[in-house]
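Asks: Just to be clear, the model below is a prediction. Sequence and coordinates:
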Amino acid sequence: MERNKHIYTVSELTREARILFESAFPAVWVEGEISNFSAHSSGHMYFSMKDENAVLNCAMFKAENQHLKFAPKDGMQVLCFGRVSIYDKQGKYQLYAQAMEPKGLGALQLAFQQLKERLQKEGLFDAARKKPIPFLPQRIGVVTSPTGAAIRDILNISSRRYQNIEIIILPVRVQGEGASQEIANAVTEFNEYGKVDVILVTRGGGSLEDLWAFNEEPTARAIYDSKIPVISAVGHEVDFTISDFVADFRAPTPSAAAELLIPEKEKLISKLETIYIRMTNSFLHKVNMLKQQLGRLKESYVLRQPMNLVLQMKQRLDDLAHTLVVGMDHIIKLNKEELKTVVGKLEALSPLAVLSRGYSITFKLPDAKIVRAIKALRPGDKVKTKLSRGEFISVVEKTGD
Amino acid sequence: MAEQNFEKSLDRLEKIVSELENGKLSLDEALKCYEEGIKLVQFCSKKLEAAQKKVEILVKTPSGKFQLKPFEENAD
């Protein structure tokens, strides 16, 4: 017994007890009522939390409490988060609070934070998987209350901006027990139905509790699983819900969602007209430019030159032809002279020349053989006699030497 | 036609106009562009008038089929 006896100093015991506390309660949520609240000039807060049977000392240091959005007061029901440890100097164990929420509303906020963190970690808010919102959808599927302000706003905007658009409503309860499941089912049913281009999940403004269905997991999962792009428009501009984070697009209000989805028809028509005019003008301009270019080319020297060439060639041809004719004439003249001389010489040898001196030639008919001696003829033969000019036919009467 | 949508057509139109305005196209190309542009303008105008204004309620019958019913406001 003596041997095992260990005597602690107060400090030692306190330190060991502190380690025990700290390892047992490193991060705990505690709920209770605030009492003995005091805000020290250093900025730290000291108070107790109590319920019917027990009291817990608490400290919340400046670094933590400066983020509080409300002022804690005695009697307030709160939820504190922190670690439990011992304050050595006073030998008191206490909660070192790191966060504090008013109860009720705070519980919802806590749930919101927890779900938000969990879904975020799971990747439900990833920007990379968000689908683009179609421009000028033909059919818009709306998940909302058929009697709420949201559907009224949407229909107003639709009839103001774009008459011929189709809106299909899947009526749901947007608040109260089971509302989240109804909203989720509606999103799923629109996917089964398949004929809407975009789904609008929406409701008008309300308290955090009123909007709660849009902060619950079934709604978030259904929106995440939707193959059709989803726009979330819940409450007012300042209200953010889980469905806003999961949806492909968050619109600050139902009206803003409608304005985003439903373009102004007049603007589209005038845009189309402008495009048409610009397109036609620039096309006609192009054609005119080409026409002008063609005109210029037609008039250009390049295209006229071949004509000049032809004319020039024609002239040259004429020149050549003239030279040829003149040359030929000359040659013919020279030859004619020569011919005369030759003809003169030839004429002297011609039998015709002999005839002109009074001789004649006699041919025996019918074969017209020249008669050179009388023995070729007998009385009764027909003969042809050729004179210098003309000829005659006669019959031989008598022959002799 | 299923793939064609208003926004893509409008984008394409803008591109055609800027190409035509740029003036660098050949006559054949310009003609082709212009023809395509006219078709797109017609498509877009048609699309703008396509749907009728309808507000309906989608109802799933117990057999799992979908039905559309006219929506009457303030049917509270």
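Replies: Perfect, thanks for sending it.

Asks: residue ranges with poor pLDDT in the chain?
Replies: Picked chain A for this. Low-confidence segments of chain A (pLDDT under 70): A:1-3, A:69, A:104-107, A:110, A:301-304, A:306, A:347-349, A:351, A:353.

Asks: Chain B was what I was after
Replies: B:1-3, B:51-52, B:73-76.

Asks: Tell me where it has strands.
Replies: B:54-60, B:66-70 (DSSP state E).

Asks: now do the stretch 301-401 of chain A
Replies: Assigned by DSSP state E, counting those that start in this stretch, the stretch 301-401 of chain A shows strands spanning A:361-364, A:369-370, A:382-386, A:391-395.

Asks: what does the stretch 151-300 of chain A give?
Replies: A:166-171, A:198-203, A:230-234, A:249-250.

Asks: So in that sheet, which strands flank the shortest one, and in what orientation?
Replies: Using DSSP bridges, the strands paired with strand A:249-250 are strand A:230-234 (parallel).

Asks: same check, this time on the first one
Replies: Here the strand partners of strand A:166-171, with direction, are listed using DSSP bridges: strand A:139-144 (parallel), strand B:54-60 (parallel).

Asks: what's the closest of those to A:Q77?
Replies: Across the strands paired with strand A:166-171, A:Q77 has its closest neighbour in strand A:139-144 (34.4 Å, Cβ to Cβ). Quick note: C-beta positions are derived from backbone N, CA and C, even for glycine.

Asks: what angle do that closest one and strand A:198-203 make?
Replies: 20 degrees (axes from the mean of the first three to the mean of the last three Cα atoms, to 10 degrees).

Asks: Off-centre distance for strand A:139-144?
Replies: A distance of 28 Å separates the centroid of the chain from that of strand A:139-144, by Cα atoms, centre = their mean, to the nearest Å.

Asks: A:M45 against A:I34, yeah?
Replies: No: counting by Cβ atoms under 8 Å, A:M45 sits too far from A:I34 to count as a contact (9.8 Å).

Asks: which residues are common contacts for those two?
Replies: Both A:M45 and A:I34 are contacted by A:P72, under the criterion Cβ atoms under 8 Å, 6 or more residues apart in numbering or on different chains.

Asks: From A:V198, how far off is B:K8?
Replies: For B:K8, the distance to A:V198 (Cβ to Cβ, to the nearest Å) stands at 16 Å.

Asks: Spell out, range by range, the helices that occur in chain A.
Replies: A:10-24, A:62-65, A:105-122, A:149-161, A:179-193, A:217-225, A:242-246, A:254-261, A:265-299, A:301-349, A:351-356 (DSSP state H).

Asks: Now do the longest one: which elements does it pack against?
Replies: By that I understand helix A:301-349. Counting contacts by 3 or more Cβ pairs under 8 Å, 6 or more residues apart in numbering or on different chains; DSSP states H and E, helix A:301-349 is packed against no other helix or strand.

Asks: Next, the angle from it to helix A:265-299.
Replies: Helix A:301-349 and helix A:265-299 meet at an angle of 30 degrees, taking the same axes, to 10 degrees as the criterion.

Asks: about what we covered before: any chance of the strands of chain B in JSON lines, with mean neighbour count too?
Replies: Listed next are those as JSON lines, based on neighbours: other Cβ atoms under 10 Å in any protein chain shown:
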{"stretch": "strand B:54-60", "mean neighbour count": "17"}
{"stretch": "strand B:66-70", "mean neighbour count": "12"}
